[in-house]
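Asker: Build me a model from this:
(one chain, ligands or ions: 4)
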Amino acid sequence: RAKDSGRGVAAVFDDRMHREAEERRLLQEDLRAALDGDQLRLAYQPIIDIRAGAIVGFEALLRWQHPQRGLLSPDAFVPIAEESGLIEPIGAWVLKRACLDAAAWPKPIRVAVNISPAQFGSATLLSHVAQALAVSHLPADRLEVEITEALFMNQMAESGRFLADMRTLGIRIALDDFGTGFSSLGYLTRFPIQKLKIDRSFVSGPTDPENRKAVVEAIVGIAVSLGFVTTAEGVETAADLAWVRDLGCDQAQGYYFARTLSAESVPGFIAGFADEFGDGLGSQAAA
Ligand code: C2E
Ligand code: MG
Ligand code: MG
Ligand code: MG
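Answerer: Ligands and ions are numbered 1, 2, ... in the order given. Got it, this is the predicted structure:
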């Protein structure tokens, strides 16, 4: 009997694996069509200079308006894009769209684009970046790329060269989700990074606030010593903003300021920001 039920479990497991693989295959086919079919969108989230109370940039966040499944977030399809190699054309589209949108924003405001480690595997990345800047006429110093620590574990040699080339173009480099990776801190001095984005699990996560504050304080300490700008991710309330500001974070990003905006609503948000947050930023944070 034990043998029977064992086989039963294995069969169910097999069946589920099969269905999941089939599901991924279908989604991969759809994703191929999405690129040609105008189903990809960029949503924008503002990044705020806490001291100046001003918008410093917007992060581009990829969305897929799937004809049957509705609006999909990157976690649902970026892994499939990475596995299938589709991340290369999709990444090129993201860069171009983001630079075209940002070129229409008031001057110092930057755009931040997420680049997955899989994109660094290909020599076309740098030419896609250069093309996006060329067609949009966006000055290179208004483009920031966000990379993760995973890059240093998988693509060490190539990534070092790509990052140095990007820096030479004048592009800024931010390390995303900082504090959640497993790599050594040595890469902070080996790679030309300008910014640490402190992962939102330390800012508004469910764990003990005292521990989270200790981690943020330590990260700010590293950033100050090494000359990096810090952005606190996942700032959801005025209280979150107050303590990350008190610990010395330079910038903040999160639902407190805005969830995501369509490209069309970015100019209106910029125009209304000073009235909504500008004066209040210091006093709210201090209160
Ligand atoms: P990320 O770069 O760390 O982006 C921040 C994520 O946190 C976004 O989720 C954003 O909507 C969410 N978020 C922002 N503020 C808050 C907050 O206050 N509270 C909470 N709970 N969440 C907040 P999203 O848009 O689902 O993106 C998830 C991840 O997908 C991104 O993490 C990034 O790693 C990846 N991604 C997004 N766009 C692209 C892209 O164009 N290319 C690649 N390769 N990856 C992308
Ligand atoms: Mg990011
Ligand atoms: Mg992040
Ligand atoms: Mg993330």
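Asker: What is the burial count for residue 195?
Answerer: Neighbour count for residue 195, taken as other Cβ atoms under 10 Å: 21. All C-beta spots, glycine's among them, are computed from the backbone N, C-alpha and C.
Asker: Would you confirm that it contacts residue 174?
Answerer: Yes. Applying Cβ atoms under 8 Å, one finds residue 195 in contact with residue 174, separated by 3.8 Å.
Asker: what sits in contact with each of those two?
Answerer: Residues touching both residue 195 and residue 174 (Cβ atoms under 8 Å, 6 or more residues apart in numbering): 144, 231.
Asker: secondary structure element for the residue of the stretch 151-287 of the chain found nearest ligand 1?
Answerer: Closest to ligand 1 within the stretch 151-287 of the chain is residue 254: 3.1 Å, counting by Cβ to the nearest ligand atom. Under the criterion DSSP states H and E, no helix or strand holds residue 254.
Asker: For residue 217, see how far away it is.
Answerer: 19 Å (Cβ to Cβ, to the nearest Å).
Asker: These two - which one has more neighbours?
Answerer: Remark: of residue 254 and residue 217, residue 254 carries more neighbours, 24 against 14, as counted by other Cβ under 10 Å.
Asker: Spatially nearest residue to the more buried one (excluding sequence neighbours)?
Answerer: residue 235 (3.5 Å; Cβ to Cβ, 6 or more residues apart in numbering).
Asker: Now that the one you found has come up, it's in contact with residue 245, right?
Answerer: No. Taking Cβ under 8 Å as the definition, residue 235 is not a contact partner of residue 245, at 9.4 Å.
Asker: Compare the two (neighbour count), which wins?
Answerer: Neighbours per residue, other Cβ under 10 Å: of residue 235 and residue 245, the larger number sits with residue 235, 27 against 20.
Asker: For the stretch 1-150 of the chain, give me the ranges with low pLDDT.
Answerer: For the stretch 1-150 of the chain, the stretches with pLDDT under 70 are 1-7.
Asker: Return the residues of the stretch 101-250 of the chain in contact with ligand 2.
Answerer: 114, 146, 176 (Cβ under 5 Å from the ion).
Asker: ok, and of these, which contact ligand 1?
Answerer: 114, 146, 176 (Cβ under 6 Å from any ligand atom).
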